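Q: Provided below for reference: sequence and predicted model.
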Amino acid sequence: MEKNAKIYIAGHRGMVGSAIHRKLQREGYQNFILKTSSELDLRNQQAVEDFFAQEQPDYVFLAAAKVGGIVANNTYRADFLYENLMIQNNVIHASYLNKVKKLMFLGSSCIYPKLAPQPLKEDYLLSGELEPTNEPYAIAKIAGIKMCEAYRSQYGCDFISVMPTNLYGQNDNYDLQNSHVMPAMIRKFHEAKIGGKSSVELWGTGSPMREFLHADDLAEACFYLMQNYSEPTLINIGTGEDVTIKQLAEAVSKVVGFAGDLVWDTSKPDGTPRKLMDVSKLHSYGWKHTIELEDGIGLAYQDFLEHHDTLRL
């Protein structure tokens, strides 16, 4: 990417988009097009096409999406399917119409089948049934991947898809109704510590295994791949290492400084038993994560403490 290139980051205020923005700024990029959702509704096809026709971006990072944890995904199934399809359809098609040099579509590890072999290789896509609780979101993301492949095949567009693992970090969502597991734990343990509680209740059995990547590492990977990757097939972004939810809870409680008991509500769903990314393809391109989990939790908790009054609680 040329230093003077015009770059559009869709979703620049979210955790992923803001991390990409900070990374690009550190690398000396300054020519950004940034619109909030109130300024540009990406679900509105005409608004998106008018925006692209007027601004003519050179590069696009498509990090805008309707996201949430198990509760939100399972409760607002129609919203997750419709809104994500509209966002990505509009941005990808407008990028083609306006001859964007390169587009990166950010998917999610939930695109893989619920019971796929571990670790998850890129070619496991569409090889089995999805996890029911987040199927609508996964289907939307799969459609985005296939759309990038199709526009590359039919029109020669340099559109690539990357699949991040579970993410956490600066500007995360700490709303207990629709946040992911890591920020939910950070908030729960912090409030329990401040409130002097003797225990914290957590969902499920604690046995599922999850992989976690800091958003700043993701941004580093996205920048690297934007420069070095141009294939029709998707590429995983992760650490290649996972922990049980119980191990995660113990690590978060240690970092936060909560000394009470962990109580597991086994009547609540666990979700997918395991989701570990195979990152051998990513490593073969010369990129590896640098932020280890406990250090990353410390960075996330520090951000929570500094900004929790203004974070999405």
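A: On my side now, so go ahead.

Q: show me where the stretch 1-150 of the chain has strands.
A: 7-10, 32-33, 59-62, 102-106 (DSSP state E, counting those that start in this stretch).

Q: how about low-confidence regions in the chain?
A: Filtered on pLDDT under 70, the chain yields the residue ranges 309-313.

Q: if we can go back for a sec, could the strands of the stretch 1-150 of the chain go into JSON lines alongside distance to Phe304 and mean neighbour count?
A: C-betas here are computed from N, CA, C, even on glycine. Below are those laid out as JSON lines (distance: least, C-beta to C-beta, whole Å; neighbours: other C-beta atoms under 10 Å):
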{"stretch": "strand 7-10", "distance to Phe304": "23", "mean neighbour count": "25"}
{"stretch": "strand 32-33", "distance to Phe304": "26", "mean neighbour count": "17"}
{"stretch": "strand 59-62", "distance to Phe304": "25", "mean neighbour count": "25"}
{"stretch": "strand 102-106", "distance to Phe304": "23", "mean neighbour count": "23"}
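
Q: May I see the ones you listed arranged in TSV, with distance to Met226 as well?
A: Shown next, in TSV, are these (distance: least, C-beta to C-beta, whole Å):
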stretch	distance to Met226
strand 7-10	10
strand 32-33	14
strand 59-62	7
strand 102-106	6
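
Q: closest to Glu294 out of these?
A: Closest approach to Glu294 among the strands of the stretch 1-150 of the chain (C-beta to C-beta): strand 102-106, 25.5 Å.

Q: Tell me the neighbouring strands of the closest one, and mark each as parallel or antiparallel.
A: Within its sheet, strand 102-106 is paired with strand 59-62 (parallel), strand 159-164 (parallel), according to DSSP bridges.

Q: Let me know which of those is the nearest to Tyr82.
A: With C-beta to C-beta as the criterion, Tyr82 lies closest to strand 59-62 of the strands paired with strand 102-106, at 17.0 Å.

Q: so can I have CSV of the strands paired with strand 102-106 showing distance to Trp264?
A: Shown next, in CSV, are the strands paired with strand 102-106 (distance: least, C-beta to C-beta, whole Å):
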stretch, distance to Trp264
strand 59-62, 37
strand 159-164, 27
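
Q: Among the ones you listed, single out whichever gets nearest to Ile245.
A: strand 159-164 (18.7 Å).

Q: and the closest one, how far out from the chain's middle?
A: What separates the centre of strand 159-164 from the centre of its chain is 11 Å, taken as C-alpha atoms, centre = their mean, to the nearest Å.

Q: following it, which helix or strand comes up?
A: strand 166-168 (DSSP states H and E).

Q: got the contact list for Arg210?
A: Counting by C-beta atoms under 8 Å, 6 or more residues apart in numbering, Arg210 makes contact with Asn166, Val181, Asp242, Val243, Thr244, Ile245, Leu248, Arg274, Lys275.

Q: Backbone dihedrals for it, please?
A: Backbone dihedrals for Arg210, given as degrees, to the nearest 10, come out at phi -140, psi 150.
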